[in-house]
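Enquirer: How does the following fold in three dimensions:
(2 chains)
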Amino acid sequence: MASDAALIVAMYERMLVIRQFEEQAIALFERGHIRGNVHPCIGQEAVSVGVCANLRRDDYMTSTHRGHGNCLAKGADPKRMMAELLGRKTGYCKGKGGSMHIADFDGGNLGANGIVGGGFPIATGAGIGIQNRGTDQVVVCFFGDGAANQGTFHESLNLAALWKLPVLYVCENNQYALSTPLRESVGLPELSERARGYGIPGARVDGNDVLAVHAAAAEAVRRARAGEGPTLLDCLTYRFFGHFTGDKGHGITYRTKQEMEEWRNRCPIARLRRHLLGAAMATDAQLEKIETQAQALIAAAAQYGLDSPWPSPEEALEDVFA
Amino acid sequence: MPEMTFVDALRLTLEQEMQRDPSLMLIGEDIGRYGGIFGVTRGLLDQFGPKRVRSTPISESTIIGAALGAAMTGIRTVAELMYVDFTTCAMDQIVNQTAKMHYMSGGKLKVPLVIRTHEGGGRGNAAQHSQCLEAWFLHVPGLKVVLPSTPGDAKGLLTAAIRDDNPVLFIEHKLLYSTKGQVPEGEHVVPLGRAEIKRAGRDVTIVTISHTVLKALRAAARLAAEGIEAEVIDLRTLAPLDLGCVLDSVRRTNRVVIAHEACRRGGFGGELAAQIQEEAFDFLDAPIQRVGALDVPIPYSKPMEEYVIPDEEWIIAAAKRALGKK
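Expert: Okay, the predicted model is just below:
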């Protein structure tokens, strides 16, 4: 369990940045500045942050359609992310990718993905690359509980287990694949038990407890760096908002009000705040300062994006081939 | 220049490129000890070891996706899918991931990946092991599509494909593997996007690819005996397409046959015919003739399979139609 106050405060700060980013993205979407869809990860911040706090910049990550938190936790610049969401030339993908395709190769982010389960093989291949180069890098493959039922899950975990690839398969289990509850999609609700089928370690983790996530990921990263192979982590969490920005009543058509309220009361950020204060790792004033800074950071990111130039239309023809 | 089979030319190329680039990796089903379904990778496991010649479980999606992940992170990779029919199992990774990765990342991620596979009928492999699916991939921006017809081109084009920083679908034909031909020694690169006139002629242009090139050359020889000089163009790559070579020929012959083994409906012949008439309509003296398989799944039984797959008779008939002869 992480006991280093500086680390825990840093994780708190990162979780706040993610939440602020998502709130800002929703606001920009509602004001018509962001096209397509935004899939907010509000409520799930502890998973991204707890895992990525164990990573180095040269470690790799693959992400999902609900990937803003993953990207920010891995160290992406909110300015360039926001610019990408706004379709601007200064975005990570020069406006060609948008919310679902943010990639930051220099920061080890091999890309979010619009196809559910699309990232498993790519992460696995990045693990092969590491093994062939003989470095001690690792790969984190974030995925949702919905993706766990794609065939690529099985193919990739089997291959990674077979070849002892340095990959962490981290399920951000928010319990709903769009509207379909996990209990209606699997015969074995405990996803971590699938690990036994591949002969690798697996664990169910409280995904709203960033310290628990951090500890579980630390062991998985240690194993991976040591050449001992992959780990499956099933981090149980909940998205406060709907599947995407257009999801009626934050998903009230398939979730009960009571359930949503219960999970909002288990907010990972509020929980960590209580922990920091209770353990006297930070003062209220210190945390308020962090909160104000996170707000300012994201407000500036939004402004940077809005002030950034649009790509010229004919740039659509560039980057088809290297 | 030594003569060798298509299979040996491919194996030699992989060997040479693996020696040249010490990180180059092969990945696919049964490519290790077994040496690949047609023996293309035979001996390479012993020579380069299990990290560079990775024989996988039957997991087509992950073969392609893992090759992509490795390629994106700096390991140039040649992935093998045993039959082009099996690309269906890996379609998301080929179409949504591999083809678009460079573009979606705003040009940041590079994908030096070759997907080797083979296609075609003629061996009684029936409907799920005999298709010609190149047009599917031609339809996806971001993929290069290569179909060699000779051992020499197999070497030159595979070398170019491997050294390319983009995803290349390299489609062999199962009836070509045992064919023999001259293969240049040492460095031999055939740039992608350059067609070759395999036989010169002034009366009609036959544009074709892959194994159908052999049928077109036999057709041209027989047409010559009747006093018709057909020019046979081997496109070699469909993407990029050497339209210039085709148009030059059309402007000389004014008559065109496009021949491929894929089903006629939706085959690349339709696309090429459209491009030719857009660019050289005034040079055409007759409707462009298309030759392709009948639009049915490939049947197993020999008489039926032979009935649906085009042979040189079909090409000869099409050339005569283009010339207004019976």
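Enquirer: drop to CA atoms for contacts and neighbour counts, all remaining ones
Expert: Will do.
Enquirer: Tell me the residues of the stretch 151-300 of chain B that contact chain A?
Expert: Remark: the part of the stretch 151-300 of chain B in contact with chain A comprises B:D165, B:N166, using Cα under 8 Å from any Cα of the partner chain.
Enquirer: quick one: what helix or strand has the residue in the stretch 101-250 of chain A positioned nearest to chain B in it?
Expert: Closest residue of the stretch 101-250 of chain A to chain B, Cα to the nearest Cα: A:G125 (3.4 Å). Secondary structure assignment for A:G125, by DSSP states H and E: helix A:119-133.
Enquirer: Against which helices or strands is that helix packed?
Expert: Packing partners of helix A:119-133 (3 or more Cα pairs under 8 Å, 6 or more residues apart in numbering or on different chains; DSSP states H and E): strand A:60-62, strand A:139-144, helix A:151-163, strand A:167-173, helix B:60-72.
Enquirer: Try it again at 10 Å.
Expert: Here helix A:119-133 touches strand A:60-62, strand A:139-144, helix A:151-163, strand A:167-173, strand B:25-29, helix B:60-72, going by 3 or more Cα pairs under 10 Å, 6 or more residues apart in numbering or on different chains; DSSP states H and E.
Enquirer: Run through the residues that contact A:I200.
Expert: Taking Cα atoms under 10 Å, 6 or more residues apart in numbering or on different chains, we find A:I200 in contact with A:157-158, A:160-162, A:164, A:193-194, A:228-232.
Enquirer: okay if I get the helices and strands packed on helix A:119-133 as JSON lines plus mean pLDDT and mean neighbour count?
Expert: Output for these, formatted as JSON lines (pLDDT from 0 to 100; neighbours: other Cα atoms under 10 Å in any protein chain shown):
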{"stretch": "strand A:60-62", "mean pLDDT": "98", "mean neighbour count": "29"}
{"stretch": "strand A:139-144", "mean pLDDT": "98", "mean neighbour count": "28"}
{"stretch": "helix A:151-163", "mean pLDDT": "98", "mean neighbour count": "21"}
{"stretch": "strand A:167-173", "mean pLDDT": "98", "mean neighbour count": "28"}
{"stretch": "strand B:25-29", "mean pLDDT": "98", "mean neighbour count": "25"}
{"stretch": "helix B:60-72", "mean pLDDT": "98", "mean neighbour count": "31"}
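Enquirer: any idea what sits nearest the residue in the stretch 51-200 of chain B positioned nearest to chain A, other than its immediate chain neighbours?
Expert: Of all residues in the stretch 51-200 of chain B, the one sitting closest to chain A is B:A66 (3.4 Å; Cα to the nearest Cα). In this structure, B:A66 finds its nearest non-sequential neighbour in A:G125, 3.4 Å apart by Cα to Cα, 6 or more residues apart in numbering or on different chains.
Enquirer: burial of that neighbour, as a residue count?
Expert: Neighbours of A:G125 under the rule other Cα atoms under 10 Å in any protein chain shown: 31.
Enquirer: Enumerate every residue touching it.
Expert: For A:G125, counting by Cα under 10 Å, 6+ apart, the contacting residues are A:119, A:131, A:139, A:156, A:159-160, A:165, A:167, B:62-73, B:75.
Enquirer: one more time with 7 Å, if that's ok
Expert: Applying Cα atoms under 7 Å, 6 or more residues apart in numbering or on different chains to A:G125 gives the contacts B:G65, B:A66, B:A67, B:L68, B:G69, B:A70.
Enquirer: measure it to B:D153 for me?
Expert: Separation of A:G125 from B:D153 (Cα to Cα, to the nearest Å): 30 Å.
Enquirer: which stretches of the stretch 151-300 of chain B form strands?
Expert: B:168-173, B:180-182, B:196-199, B:204-208, B:230-234, B:237-239, B:256-263, B:289-293 (DSSP state E, counting those that start in this stretch).
Enquirer: Three-state assignment for A:L233, please.
Expert: Three-state secondary structure (criterion: DSSP: H, G, I helix; E, B strand; the rest coil) places A:L233 in strand.
Enquirer: Which positions in chain A make contact with chain B?
Expert: A:93-94, A:96-97, A:101, A:103, A:105, A:121-126, A:128-129, A:132, A:152, A:155-156, A:319-322 (Cα under 7 Å from any Cα of the partner chain).
Enquirer: out of these, which are buried?
Expert: Neighbour-count burial (16 or more other Cα atoms under 10 Å in any protein chain shown) is assigned, among the residues of chain A next to chain B, to A:93-94, A:96-97, A:101, A:103, A:105, A:121-126, A:128-129, A:132, A:152, A:155-156, A:319-322.
Enquirer: From A:G251, how far out is A:H243?
Expert: When A:H243 is compared with A:G251 (using Cα to Cα), they lie 7 Å apart.
Enquirer: where do the helices sit along the stretch 101-250 of chain B?
Expert: Here the stretch 101-250 of chain B has its helices, by DSSP state H, counting those that start in this stretch, at B:101-104, B:134-138, B:151-163, B:212-225, B:243-253.
Enquirer: Let me know the pLDDT of the spatially most central residue of chain B.
Expert: By Cα atoms, centre = their mean, chain B has its centre lying nearest to B:L147, at 1.5 Å. B:L147 carries a pLDDT value of 98.
Enquirer: Same check on the one 3 residues further on?
Expert: Turning to B:T150, the model gives it a pLDDT of 98.
Enquirer: again, but for the one 4 residues further on
Expert: On pLDDT, B:A154 comes in at 98.
Enquirer: No more questions from me, cheers.
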